[in-house]
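Student: I would like the atomic coordinates for the input below:
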Amino acid sequence: MPKQPKQAPLASNQMQYKLLLAYCLMSIMPILVGVYIASLFIQYPFEANSTNMTVVSLVTLFSLSLSFLGYRLIQQLTAPIVNMSYVAKGIAEGRLDGALADMKGVAELEELSDSLKTISNNARELLEKVEKLSLKDSLTGLYNGSYLRERLSEEIQRAVHYQQPCSLACFSVDNFDELLSRNGLKASEEALKSVAKVFSGYLSEFDRAARTSKGEFAVIFPDKNKKKVIEIADRIQKDIAGLSGGSFTVCIGISENPIDGTLAEELLSKAKERVKSARLKGVNRVEAL
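Tutor: The predicted model follows:
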């Protein structure tokens, strides 16, 4: 049987009632209250004496206070709606990391907020599953982390069989979170695309480059030892720094089979450790030992 739509509870009319109350506070009630109070205290014909002027001032002040109260009530209702509209637009455009504040006090807004969070979480999980199934990173066109691990395992096995070296270089953009905050998402994504293009100028037909996380990359270098990879990494590093006059740099960690391990995870772990070590010493550095 088809699922029956969920009936809205009586409390779900809160927003309608609050908007109606706010409208009354801002328009009708101040006028009615002002007229009523004026009829009680102001004698006709009206005389511009101190007593009458005081009453008029108090009535006006009271009416304005009611109007301001209505304005504040509407502001409290509309501000979260505006926030949710921006988040909903971001979800529609593929930005799934937008912050959505918890909505308390109005049933409709709470339900809408929870629904948007559920949609965002489901979309993020689905995107992660799709990325795992695909081979390429959607932003840069490079391979993704899942493919890199599988390919690295294959290359290590081949290197062991033919008694050839196989090296891995991990690249981490220096202070990426700060760059993201300062330059914004779009500019940071364009910078990452430029980094990916730099890699293409130094890779042979057997090398494989991947974007492994937000600001991190890795390159598999079959048949190349550390010495050769350090030379290539130095040139890549200089080209990346040259893209922005030195404000956009990377730290690099290099590992080699079988010196640093005979499994893909061992080479990845060792290369990442060296990236961390390089970053502790500064920016734009290479660590291979």
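Student: can we go C-alpha only for contacts and neighbour counts from here?
Tutor: Noted.
Student: give the buried residues for the helix or strand encompassing Glu231.
Tutor: Element membership of Glu231 [criterion: DSSP states H and E] is helix 226-242. Buried positions in helix 226-242, judged by neighbour count with 16 or more other CA atoms under 10 Å: Lys226, Val229, Ile230, Ala233, Ile236, Gln237, Asp239, Ile240, Ala241.
Student: pretty sure the last one contacts Arg235?
Tutor: No. The criterion here is CA atoms under 8 Å, and Ala241 misses it with Arg235 at 10.0 Å.
Student: touching the helix holding Glu231 from outside, list them.
Tutor: Applying CA atoms under 8 Å, 6 or more residues apart in numbering, the external contacts of helix 226-242 come out as 167, 169, 195, 198-199, 202, 221, 247-250, 252, 254-256, 284, 286, 288.
Student: buried members of the residues you listed into ChimeraX, please.
Tutor: Typed into ChimeraX, the line below selects the buried ones among these, using 16+ other CA under 10 Å:
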select :167,169,195,198,199,221,248,249,250,252,254,255,256,284,286,288
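Student: output the buried residues of helix 226-242 in a markdown table; the columns should cover distance to Leu268 and pLDDT.
Tutor: Shown next, in a markdown table, are these (distance: CA to CA, whole Å; pLDDT from 0 to 100):
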| residue | distance to Leu268 | pLDDT |
| --- | --- | --- |
| Lys226 | 14 | 92 |
| Val229 | 15 | 93 |
| Ile230 | 16 | 94 |
| Ala233 | 16 | 92 |
| Ile236 | 19 | 92 |
| Gln237 | 19 | 92 |
| Asp239 | 24 | 92 |
| Ile240 | 22 | 90 |
| Ala241 | 24 | 88 |
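Student: now the two most distant members of the residues you listed.
Tutor: Farthest-apart pair in the buried residues of helix 226-242 is Lys226 and Ala241; separation 21.8 Å (CA to CA).
Student: contacting residues around Glu287?
Tutor: With contact taken as CA under 8 Å, 6+ apart, Glu287 is in contact with Ile252, Gly253, Ile254, Arg274, Val275, Ser277, Ala278.
Student: among the residues you listed, which are located in helices?
Tutor: Counting by DSSP state H, the contacts of Glu287 place Arg274, Val275, Ser277, Ala278 in helices.
Student: what's the closest non-adjacent residue to Asn225?
Tutor: Leaving out its chain neighbours, the residue that sits closest to Asn225 by CA to CA, 6 or more residues apart in numbering is Pro165, at 5.5 Å.
Student: from Ala218, how far off is the one you found?
Tutor: 17 Å (CA to CA, to the nearest Å).
Student: for the stretch 51-200 of the chain, what spans make up the helices?
Tutor: Remark: helices assigned in the stretch 51-200 of the chain by DSSP state H, counting those that start in this stretch are 107-133, 145-162, 176-183, 185-200.
Student: adding mean pLDDT and distance to Ser269, write the ones you listed out as a markdown table.
Tutor: Formatted as a markdown table, these follow (pLDDT from 0 to 100; distance: least, CA to CA, whole Å):
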| stretch | mean pLDDT | distance to Ser269 |
| --- | --- | --- |
| helix 107-133 | 70 | 20 |
| helix 145-162 | 91 | 12 |
| helix 176-183 | 86 | 20 |
| helix 185-200 | 88 | 22 |
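Student: could you export these as CSV, including distance to Leu66?
Tutor: Formatted as CSV, those follow (distance: least, CA to CA, whole Å):
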stretch, distance to Leu66
helix 107-133, 25
helix 145-162, 60
helix 176-183, 42
helix 185-200, 43
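Student: with that, I have no additional questions.
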